[in-house]
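Novice: Please work out how this folds:
(one chain, ligands or ions: 2)
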Amino acid sequence: MGAVLRADSLWKVYYTHETVVEAVRGIQLTIDTGEMIAVMGPSGCGKTTLLNVLSGIDDPSAGDVYVHEKSLYKGTENQRTDMRAEHFGFIYQNFNLLPVLTAVENVELPLLLNGVQPKEARSRSIEALDSVGLSDRLSHRPTELSGGQQQRVAIARAIVHRPAIVLCDEPTGNLDSATSKEIIALLKRMNQEHSMTFLIVTHDQSIADQCGRTISMVDGQIITQQHGIGSEEE
Ligand SMILES: Nc1ncnc2c1ncn2[C@@H]1O[C@H](COP(=O)(O)OP(=O)(O)OP(=O)(O)O)[C@@H](O)[C@H]1O
Ligand SMILES: [Mg+2]
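Specialist: Numbering: from 1, shown residues only. Ligands and ions are numbered 1, 2, ... in the order given. Below you'll find the model as predicted:
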């Protein structure tokens, strides 16, 4: 179905007063629509930095990223912000929900910020929460939800605008193993049923086993790429 995301010679170098850290060093990566990919590697090897430069959150020091072959970094800052909002979904370890908003309000917020009419935003938000099994928790605030339920709200928020790719940074890092399994099963179902594309940073081999491809990073570079048991599509 073609590349949804492509990184070309991507570098990120941090300069601090006494050190230079080459966090991402010349990464080449092509992700096709419908892939579910795990990114693994030791702490500090550059996984989060890679997600940040792949998605326009942080400027790379060199190289570029292409979303459906359109450059993320050659345009203006505003164009990049728009591309990020339109094409990317994000799921984090600590859920990042706004505590004062209900589940349905958290999910519809990105749509409202993107100019979707309130009525449509609300119905799409309800639909997204339904797809993660939370139609009976719409008006709960994050503190009134379990960890797994909070992450489901975050997943609904990440997919509600139908992004080209969802980037996940240790999405089960704060969950117990049973809840982790449920969350990964949910991502896997979305991947299989709707060809949603996921790039998942994880330290958990059992999650990588569910993915079609595992990328191993060391010192800012991809050292191996393995196609796993989850890669039925190949
Ligand atoms: N803003 C920053 N300024 C300077 N150095 C940074 C910055 N952010 C990250 N680094 C450094 O870049 C390297 C990669 O960090 P990164 O957070 O990407 O690692 P990671 O693989 O996600 O690790 P973890 O598994 O612990 O989350 C580390 O050595 C880190 O200290
Ligand atoms: Mg990290």
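
Novice: doesn't residue 213 make contact with residue 40?
Specialist: No - Residue 40 lies out of contact with residue 213 (CB atoms under 8 Å); the separation is 11.1 Å. To be clear about C-beta, it is placed using only N, CA and C from the backbone, and glycine gets the same treatment.

Novice: Give me the number of neighbouring residues for the nearest residue to residue 133 once chain neighbours are set aside.
Specialist: Of all residues not flanking residue 133 in the chain, residue 152 sits nearest, at 6.6 Å (CB to CB, 6 or more residues apart in numbering). For residue 152, the tally of surrounding residues (other CB atoms under 10 Å) stands at 25.

Novice: in a helix, that's where residue 152 is, yeah?
Specialist: Yes - counting by DSSP: H, G, I helix; E, B strand; the rest coil, residue 152 is located in a helix.

Novice: ok, it - contacts?
Specialist: 129, 132-134, 183, 186 (CB atoms under 8 Å, 6 or more residues apart in numbering).

Novice: ranges for the helices of this structure?
Specialist: 47-54, 77-87, 103-113, 118-131, 147-159, 177-194, 205-208 (DSSP state H).

Novice: right, so of the ones you listed, which gets closest to residue 33?
Specialist: helix 177-194 (10.8 Å; CB to CB).

Novice: Can you spell out which helices and strands pack onto that closest one?
Specialist: In terms of contacts (3 or more CB pairs under 8 Å, 6 or more residues apart in numbering; DSSP states H and E), helix 177-194 is packed against strand 36-40, helix 147-159, strand 198-201, helix 205-208.

Novice: centroid residue for the protein?
Specialist: The C-alpha lying nearest the average C-alpha coordinate of the chain belongs to residue 167 (CA atoms, centre = their mean; 1.3 Å).

Novice: Correct me if wrong: it contacts residue 90.
Specialist: Yes - the pair residue 167 / residue 90 is scored as a contact, 5.6 Å apart, by CB under 8 Å.

Novice: overlap in contacts of the two?
Specialist: residue 55.

Novice: near ligand 1, which residues of the protein?
Specialist: 14, 16, 21, 23, 41, 43-49 (CB under 6 Å from any ligand atom).

Novice: circling back to that earlier point, could you dump the contacts of residue 152 to TSV with distance to residue 120?
Specialist: Shown next, in TSV, are the contacts of residue 152 (distance: CB to CB, whole Å):
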residue	distance to residue 120
129	15
132	19
133	22
134	19
183	28
186	24
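
Novice: farthest-separated two in those?
Specialist: The farthest-apart pair in these, when distances are taken by CB to CB, is 129 and 183, at 14.9 Å.
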